[in-house]
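generate a structure from the sequence data that follows.
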Amino acid sequence: MGYVYLALAIVLELCGTTCMKLSDGFSQKIFAIATLTFYGVCFWFFALSLKTVQLNIAYATWGGLGVVLAAAVAKIFFHESISTPGLIGITLIVVGVVLCNFFGATK
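Presented below is the predicted three-dimensional model:
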């Protein structure tokens with residue numbers, strides 16, 4: 001169940017980040033409220049995930065996939081460009097998350 005909570009935390013964090021962009025510096029109140037709500041619920045699910053998923057694995061996965069998905073949303077919905085070095089960096093983040101998940105947990 002920990003990874004389900006972690007997946008929900010990642011999706012909600014992405015929703016919060018997207019609403020933050022749409023809030024235009026928190027000047028659009030509905031998006032500002034949505035940002036705070038999504039982040040609050042995101043952290044709740046992240047905390048629940050930590051009951052069964054190790055912190056180092058959970059945080060690497062949450063942060064890494066958050067970066068990758070935010071870059072995808074920025075490109076697809078906001079038509080922001082991603083440079084070649086940016087793509088290389090995102091690829092390295094994915095490699096790091098995979099390595100953490102498969103080799104980072106020890107007992």
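
which SS class is residue 24?
What DSSP: H, G, I helix; E, B strand; the rest coil gives for residue 24 is coil.

likewise residue 93?
Per three-state DSSP, residue 93 ends up helix.

excluding chain neighbours, what is closest to it?
Spatially, and ignoring its direct neighbours in sequence, residue 93 is nearest to residue 64 (4.8 Å; CB to CB, 6 or more residues apart in numbering). Using the backbone N, CA and C atoms, a C-beta is placed for each residue, glycine as well.

contacts only, for that neighbour.
Applying CB atoms under 8 Å, 6 or more residues apart in numbering to residue 64 gives the contacts 93-94, 96-97, 100.

ok, so of those, who is nearest residue 71?
Of all those, residue 71 sits closest to residue 93, with 9.3 Å by CB to CB.

and the closest one, how many neighbours?
Neighbour count for residue 93, taken as other CB atoms under 10 Å: 18.

distance of it relative to residue 81?
18 Å (CB to CB, to the nearest Å).

returning to that earlier point: any idea how far residue 90 is from the residue nearest to residue 93?
Distance from residue 64 to residue 90, by CB to CB: 9 Å.

hang on, the earlier thing: got the CA coordinates for whatever helix or strand the residue nearest to residue 93 lives in in CSV?
Per DSSP states H and E: residue 64 is located in helix 55-77. Extracted as CSV, the C-alpha positions of helix 55-77 are listed here (Å, rounded to 0.1, in the frame of the first residue of the first chain):
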residue,chain,number,x,y,z
LEU,A,55,12.5,7.5,3.4
ASN,A,56,15.5,7.5,1.0
ILE,A,57,13.6,5.4,-1.6
ALA,A,58,10.3,7.3,-1.2
TYR,A,59,11.9,10.8,-1.4
ALA,A,60,14.1,9.9,-4.4
THR,A,61,11.1,8.4,-6.2
TRP,A,62,8.8,11.3,-5.3
GLY,A,63,11.3,14.0,-6.1
GLY,A,64,12.7,12.3,-9.3
LEU,A,65,9.3,11.4,-10.8
GLY,A,66,8.0,14.8,-9.8
VAL,A,67,10.8,16.5,-11.8
VAL,A,68,10.2,14.3,-14.9
LEU,A,69,6.4,14.7,-14.8
ALA,A,70,6.6,18.4,-14.2
ALA,A,71,8.9,18.7,-17.2
ALA,A,72,6.5,16.8,-19.3
VAL,A,73,3.5,18.9,-18.2
ALA,A,74,5.5,22.1,-18.9
LYS,A,75,6.3,20.9,-22.4
ILE,A,76,2.9,19.5,-23.3
PHE,A,77,0.5,22.0,-21.7
